[in-house]
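J.: Got a sequence here, can you model it:
(chains A, B, C and D)
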There are 2 protein chains.
Amino acid sequence: MNYTISEIAQKYGLTAHTLRYYDKEGLLPFVERTESGARSFKESDFEWLAIIICLKQTGMPVKQIKEFIELCQKGKSTLGKRLELFKRQKKSIEEQIKVLNEHLNKVNFKLWYYSTALQRGLEFTHKHKKYLAETKQCQKYVNGGKKCG
Amino acid sequence: MNYTISEIAQKYGLTAHTLRYYDKEGLLPFVERTESGARSFKESDFEWLAIIICLKQTGMPVKQIKEFIELCQKGKSTLGKRLELFKRQKKSIEEQIKVLNEHLNKVNFKLWYYSTALQRGLEFTHKHKKYLAETKQCQKYVNGGKKCG
DNA sequence: ATAAACATTAGAGCTTACTCTAAGTCAAGC
DNA sequence: GCTTGACTTAGAGTAAGCTCTAATGTTTAT
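T.: Next comes the predicted model:
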């Protein structure tokens, strides 16, 4: 079973434009063509697309994804390099998650701050003693006592 | 104690250019100036900078951060809107973390795949029975049985 | 007092990742 | 046979977020 570019675009939540752009950038060398030149995706391409989208969404630039695809094309002599690439990407994702969790704490603090302020109908200032005391308490709550923004 | 733009740039891992750009975009209306016109940051600006960087790193565009800063400038009548803003941002961050965790699974699978392939000195094909069996096993291991890539 | 090392501005330029347009080709249905 | 709609390409345009330049001014150190 073969698929057109717009079927694939829909399946992966992209546009046909974007897929052609990826192709032009060298991300889709595996995609075959019909006699008349139209791209013809097959089931075995799905895994490629999934990994491209994964790398994309974890912040890898298009150029670097292209390099990975090229490594894959070169055969098993590049297995080591590919392993290294994924080790780096794993570290990068873990770091991103860590940063996001820290920011989530900050946002939780702001949520607490604004909902408390709203409840009382007044905006606290940083000189407000009660605010300071409660801030400390909240900090304890949201991130185990570390200082937060 | 007051700080120059490059001191602040260094402290927050930005460039002076970027800080001026943020200022131009309306993100730093609280920054004061010296007699001669140079920006003069003070300690009370640190919290602003921290929250701007937090919103930035959690994917909020500069324009939207500007809107938040403007809300803050308008006083307590905007507390409700600010609360809403942070509720949305919290959801957004949680979604980002969720997506990254899913991708981390995919990357862990690739790590397992490449390190196994390297150990044996051969690249598995998808028709390889042993590969398929082990893929199933690995999938169980990395994400509790959900299909991955 | 003079040079070096900062600061300022407006505005141009760059990169990434699309996003769209124009002009054309091809296959299917009426 | 002709229209419709999906495909193709090259290449222009766009938006975000910087990044840098040029011209100028100010502060600091010798």
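
J.: pLDDT averaged over the helix or strand that contains residue A:55 - what is it?
T.: Using DSSP states H and E, residue A:55 sits within helix A:46-57. Throughout helix A:46-57, pLDDT has a mean value of 96.

J.: same question, stretch A:6-18
T.: The pLDDT scores in stretch A:6-18 average 98.

J.: Now the terminal residues of it, how far apart.
T.: In stretch A:6-18, first residue to last residue: 10 Å (CA to CA, to the nearest Å).

J.: Please apply the same query to stretch A:11-21.
T.: Start and end residues of stretch A:11-21 are separated by 17 Å (CA to CA).

J.: Pull the residues that contact that stretch.
T.: Stretch A:11-21 has contacts (CB atoms under 8 Å, 6 or more residues apart in numbering or on different chains) with A:3, A:5, A:6, A:8, A:9, A:28, A:39, A:49, A:53. Every residue, glycine included, has its C-beta placed from N, CA and C.

J.: that older thread, by contact count, what packs against the helix holding residue A:55?
T.: Helix A:46-57 sits against helix A:5-12, helix A:62-73, helix B:79-120, with contacts defined as 3 or more CB pairs under 8 Å, 6 or more residues apart in numbering or on different chains; DSSP states H and E.

J.: Assess the claim that residue A:60 and residue A:90 are in contact.
T.: No: in terms of CB atoms under 8 Å, residue A:60 does not count as a neighbour of residue A:90; the distance is 11.9 Å.

J.: which ones are touching residue A:4?
T.: A:38, A:39, A:40, A:41.

J.: now these in JSON lines, with distance to residue B:14 and secondary structure?
T.: Output for the contacts of residue A:4, formatted as JSON lines (distance: CB to CB, whole Å; DSSP: H, G, I helix; E, B strand; the rest coil):
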{"residue": "A:38", "distance to residue B:14": "47", "secondary structure": "coil"}
{"residue": "A:39", "distance to residue B:14": "42", "secondary structure": "strand"}
{"residue": "A:40", "distance to residue B:14": "47", "secondary structure": "strand"}
{"residue": "A:41", "distance to residue B:14": "42", "secondary structure": "strand"}
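
J.: Name the residues contacting each of residue A:60 and residue A:90.
T.: Joint contacts of residue A:60 and residue A:90 (CB under 8 Å, 6+ apart) do not exist.

J.: Skip the chain neighbours and tell me the closest residue to residue A:62.
T.: Nearest residue to residue A:62, sequence neighbours excluded (CB to CB, 6 or more residues apart in numbering or on different chains): residue A:25, at 5.2 Å.

J.: among the contacts of stretch A:11-21, which ones are buried?
T.: Using 16 or more other CB atoms under 10 Å in any protein chain shown as the burial test, the contacts of stretch A:11-21 include A:3, A:5, A:8, A:9, A:28, A:39, A:49, A:53 as buried.

J.: tally of neighbours for the closest residue to residue A:97 other than its chain neighbours?
T.: Among residues not flanking residue A:97 along the chain, residue B:100 sits closest, at 5.1 Å (CB to CB, 6+ apart). Neighbour count for residue B:100, taken as other CB atoms under 10 Å in any protein chain shown: 20.
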